[in-house]
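> Below is the structure, and that's it, no one-letter string:
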C-alpha cells in the first residue's frame with residue numbers, strides 16, 4: 001500500500017464533524033463541509049474550507065460574512081440536501097427552513113447551532129479555500145450528538161471535491 005493510500009485509509013476512518021456553510025452575496029448558496037475547526041479561543045475564530053468546485057465557493061468570494069451550521073445526527077436529511085445537491089442546478093433553500101441572520105447571512109434555524117463570522121482571510125489550500133472567520137455571534141439549540149463524516153459515507157456529492 002502506498003503512502004497516499006495509507007493516508008486515505010487513515011482519513012476515511014476518522015470522524016470529522018460535518019457542518020453546513022452558507023454564503024450570501026447577491027444570492028444564497030450553501031454546502032456541506034467536513035474540513036473545519038476552531039482556530040482560536042481568543043479571539044473566537046473558525047476556519048472553514050470550501051471546495052473550489054462549489055457554487056458556495058463562488059458566492060463566498062464576494063461575501064464578507066459566512067454562517068457555519070453545526071449539525072446533529074437529527075440533521076442528516078439537511079446534510080443530504082446540502083451535500084448531494086448542487087446550487088448550480090437547484091435552489092436548496094426552497095427545500096428547507098431558512099432565515100436572514102446577522103449581517104445579512106442566511107441561517108438554517110433548525111440545525112443544532114450556528115455561528116456567523118466575518119471573513120478575516122482566505123487561504124488557497126489546493127482544491128479547497130480556507131476562510132478564517134472572526135466569530136461575531138453564535139446560537140445553539142442545546143446539547144446534541146454531532147453528525148460526523150462516518151455518518152455520511154453513503155452520500156454522493158453534488159460536485160467532486
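That came through fine. Everything numeric here is computed off the predicted structure, so don't read it as measured data.

> show me what contacts residue 92?
Residues in contact with residue 92 (CB atoms under 8 Å, 6 or more residues apart in numbering) are 30, 81, 82, 85. Placement of C-beta: from N, CA and C, glycine included.

> And the lowest mean pLDDT element among the helices and strands of the protein?
None of the helices or strands of the chain scores lower by mean pLDDT, DSSP states H and E than helix 3-12, at a mean of 81.

> what's next to the next helix or strand after that one, contact-wise?
Counting by DSSP states H and E, the element after helix 3-12 in chain order, helix or strand, is strand 19-24. Contact partners of strand 19-24, identified using CB under 8 Å, 6+ apart, comprise 28-34, 36, 48, 50, 56, 59-60, 63, 65-71, 78-79, 82, 98, 104-108, 111, 131.

> low pLDDT regions in this protein?
For the chain, applying pLDDT under 70 flags the ranges 1, 159-161.

> any chance you could map the helices in it?
Assigned by DSSP state H, the chain shows helices spanning 3-12, 55-60, 76-84.

> Which elements pack onto the last one?
Contacts of helix 76-84 with other secondary structure elements, assessed using 3 or more CB pairs under 8 Å, 6 or more residues apart in numbering; DSSP states H and E, are made with strand 19-24, strand 28-33.

> Give me the buried stretch members for the last one, please.
Read it as strand 28-33. Buried residues in strand 28-33, counted by 16 or more other CB atoms under 10 Å: 28, 29, 30, 31, 32, 33.

> isn't the last one right next to residue 18, touching?
Yes. Residue 33 lies in contact with residue 18 (CB atoms under 8 Å); the separation is 7.3 Å.
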